[in-house]
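# with the input below, show me the fold.
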Amino acid sequence: MPKIAEIEYTPNPNARKFVLKEPITNGPSRSFPDAAAATEDALASALFGVAHVTNVYYVDRFVTVTQDGQADWRELLHQVAEPIRAAQPITIQTTPGEERKAIAATPEDQTKLDQITALLDARVRPALMMDGGGLEVLELSAGVLKVHYQGACGTCPSSMYGTLAAIESLVRLVDPTLQVVAV
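I've put the predicted structure just below:
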């Protein structure tokens with residue numbers, strides 16, 4: 001059962017990041033935009049059982065919980081801490097390279113996508129993780145890169161402006177004609 005080392009504020013006022021003393025999972029991040037998406041995940045289901053929880057995201061040694069803005073965090077923190085403390089670590093069997101969903105792409109787009117992924121891994125994802133979130137690339141086609149913010153970043157105003165502008169700048173290093181769209 002994970003022990004909570006600390007609870008951190010995030011740039012999103014409706015999200016808190018629970019930093020754990022030991023890993024909750026060994027594999028890829030787990031992102032749940034609503035209770036329906038969490039039916040197969042014990043931790044996420046338990047967290048969605050707490051009133052006002054609207055999003056759950058976790059990976060390695062942290063869990064980010066987002067609320068609807070209607071609850072007082074002082075009360076809500078105690079309620080969401082219980083399922084986190086009761087959670088069993090999850091071992092996800094993956095093979096190397098399987099950590100991310102495959103994105104169908106032409107050979108030319110695949111080369112661009114590989115370069116973009118390397119830039120995102122080095123310069124964007126670590127910062128998002130520090131703020132309790134993540135970023136998933138959904139698609140690259142017809143000159144448009146579609147990305148999806150996860151965890152605290154999903155409803156954070158700064159991710160839709162500042163972070164998106166930074167991602168666009170990086171993507172344009174690979175191809176100046178590409179557009180970035182957050183979905």
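
# so who does residue 160 touch?
For residue 160, the set of contacting residues under the criterion of Cβ atoms under 8 Å, 6 or more residues apart in numbering consists of residue 182. Using the backbone N, CA and C atoms, a C-beta is placed for each residue, glycine as well.

# residue ranges for the helices of this structure, please.
Secondary structure of the chain, counting by DSSP state H: helices at 42-48, 73-86, 107-123, 125-130, 157-158, 164-174.

# of all these, which lies closest to residue 14?
Proximity of the helices of the chain to residue 14 was assessed by Cβ to Cβ; the nearest stretch is helix 73-86, lying at 9.0 Å.

# tell me which of the helices of the chain sits most buried.
When you average the neighbours per residue for each of those (mean count of other Cβ atoms under 10 Å), helix 42-48 leads with a mean of 20.

# list the helices and strands it packs on?
Helices and strands in packing contact with helix 42-48 are listed as strand 30-32, strand 53-59, strand 62-67, helix 73-86; criterion 3 or more Cβ pairs under 8 Å, 6 or more residues apart in numbering; DSSP states H and E.

# from the middle of its chain, how far away would that helix be?
Going by Cα atoms, centre = their mean, to the nearest Å, the spacing between the C-alpha centre of helix 42-48 and its chain's C-alpha centre is 16 Å.

# same question, stretch 148-164
With Cα atoms, centre = their mean as the basis, the mean position of stretch 148-164 lies at 10 Å from the chain mean.

# could you give the average pLDDT over it?
Summarised as a single mean, pLDDT over stretch 148-164 is 88.

# and of the helices and strands packed on helix 42-48, who's closest to residue 178?
Taking Cβ to Cβ as the criterion, strand 30-32 is the member of the helices and strands packed on helix 42-48 that comes nearest to residue 178, at 24.1 Å.

# partners of that closest one in the sheet?
Paired neighbours of strand 30-32 in the sheet (DSSP bridges): strand 53-59 (antiparallel).

# can I see the domain layout of the chain?
The domain map for the chain lists 4-86, 107-182, with the assignment taken from automatic domain parsing.

# below-threshold pLDDT in the chain: ranges please.
The model of the chain has pLDDT under 70 over residues 93-100.

# using CSV, lay out the helices of the chain together with distance to residue 140.
Supplementary listing: the helices of the chain in CSV, determined by distance: least, Cβ to Cβ, whole Å:
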stretch, distance to residue 140
helix 42-48, 28
helix 73-86, 35
helix 107-123, 5
helix 125-130, 17
helix 157-158, 24
helix 164-174, 9
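
# looking at these, spot the one closest to residue 61.
helix 125-130 (10.2 Å).

# what packs against that closest one?
Based on contacts counted as 3+ Cβ pairs under 8 Å, 6+ apart, the elements that helix 125-130 packs against are strand 133-141.
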